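*Asks:* Here is a sequence together with a model predicted from it:
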Amino acid sequence: MIGYIKGIIDEIGIDYILIENNGIGYKLLVSTTTLSQLSIGQEAKIYTKMIVREDDISLCGFYSKEEEEMFKLLTSVSKVGTKVGMGILSFAPPARIQSIIINSDVTAMSKAPGVGKKTAERIILELKDKVGKIVIDGLDTMENLPLSGKEIAIDNSEDEAISALIALGYTSSEAQESVNFVKQPGMDVEVIIKKALEYIMKTSLKF
């Protein structure tokens, strides 16, 4: 089991990084929360979890131990796999997810990529008594506020980005999923659209 990899960030993709250690480049699947903390050429310590399936073996990477622990909790829920777990971590940082679950905010959780109302309810039901055991250091004021307060600040840019993607010929679901996946607090509309288009092309959502 590989607990973490410490090395130089060699490449950053839409949903992955390549980190070089002793001449070996490890490809790690990561959330946009982790991506936002990294830059090419940076030395970093990335926590890892190996995912073994019948047809594939992959490594997931996490900038913090808290994010790794949150991923383990999320993927312990029935019908929440690697893709959905990473999508939730890209939707919000661990402290925000913890707050959503503790406050039983089904509406907020349902906004995460790949998470409908039933899945959101299942996540909250199964994790509400467990998620509080994760100790998350360095919480800032925004992370401790109810999610709705933060969402209000970014809803307009999200809506504008989604409308722009639809105008470019993408379906509402394609636009919504891509914007939800790439958005980060403070992003302006142009950046959201650019990253959403990169995500669509990378994952071939359009096709």
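*Replies:* Done, it's in. Numbering: from 1, shown residues only.

*Asks:* now this protein, which segments are flagged as low pLDDT?
*Replies:* For the chain, the stretches with pLDDT under 70 are 134-156, 203-207.

*Asks:* Report the central residue of this protein.
*Replies:* Closest residue to the average C-alpha location of the chain: residue 90 at 1.6 Å, with C-alpha atoms, centre = their mean.

*Asks:* Who are the packing partners of the helix or strand hosting it?
*Replies:* Remark: residue 90 resides in helix 82-91, with elements defined by DSSP states H and E. Helices and strands touching helix 82-91, by 3 or more C-beta pairs under 8 Å, 6 or more residues apart in numbering; DSSP states H and E, are helix 32-35, strand 56-62, helix 65-74, helix 94-102, helix 172-182. From N, CA and C alone the C-beta is placed, and that goes for glycine too.

*Asks:* okay, those in CSV with mean neighbour count and distance to residue 17 next?
*Replies:* Below are the helices and strands packed on helix 82-91 laid out as CSV (neighbours: other C-beta atoms under 10 Å; distance: least, C-beta to C-beta, whole Å):
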stretch, mean neighbour count, distance to residue 17
helix 32-35, 22, 7
strand 56-62, 18, 6
helix 65-74, 21, 14
helix 94-102, 23, 18
helix 172-182, 21, 15
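
*Asks:* will you turn those into TSV that also has distance to residue 113?
*Replies:* Output for the helices and strands packed on helix 82-91, formatted as TSV (distance: least, C-beta to C-beta, whole Å):
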stretch	distance to residue 113
helix 32-35	10
strand 56-62	16
helix 65-74	13
helix 94-102	13
helix 172-182	5
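
*Asks:* Nearest to residue 195, out of those?
*Replies:* Within the helices and strands packed on helix 82-91, the stretch nearest residue 195 is helix 172-182; the backing value is 3.9 Å (C-beta to C-beta).

*Asks:* Now do that closest one against helix 82-91, angle only.
*Replies:* Here helix 172-182 runs at an angle of 70 degrees relative to helix 82-91 (axes from the mean of the first three to the mean of the last three C-alpha atoms, to 10 degrees).

*Asks:* what's helix 172-182 in contact with?
*Replies:* 14, 32, 87, 90-91, 111-114, 158, 161-163, 165-166, 170, 192, 195-200, 205-206 (C-beta atoms under 8 Å, 6 or more residues apart in numbering).

*Asks:* Filter those residues down to the ones in helices?
*Replies:* 32, 87, 90-91, 158, 161-163, 165-166, 192, 195-200 (DSSP state H).

*Asks:* filter the residues you listed to the buried ones?
*Replies:* 32, 87, 90-91, 158, 161-162, 165, 192, 195-197, 199-200 (16 or more other C-beta atoms under 10 Å).

*Asks:* what's the spacing between residue 83 and residue 40?
*Replies:* 25 Å (C-beta to C-beta, to the nearest Å).

*Asks:* So between these two, which is more surrounded?
*Replies:* Neighbours were counted for residue 83 and for residue 40 using other C-beta atoms under 10 Å; residue 83 has more, 14 against 11.
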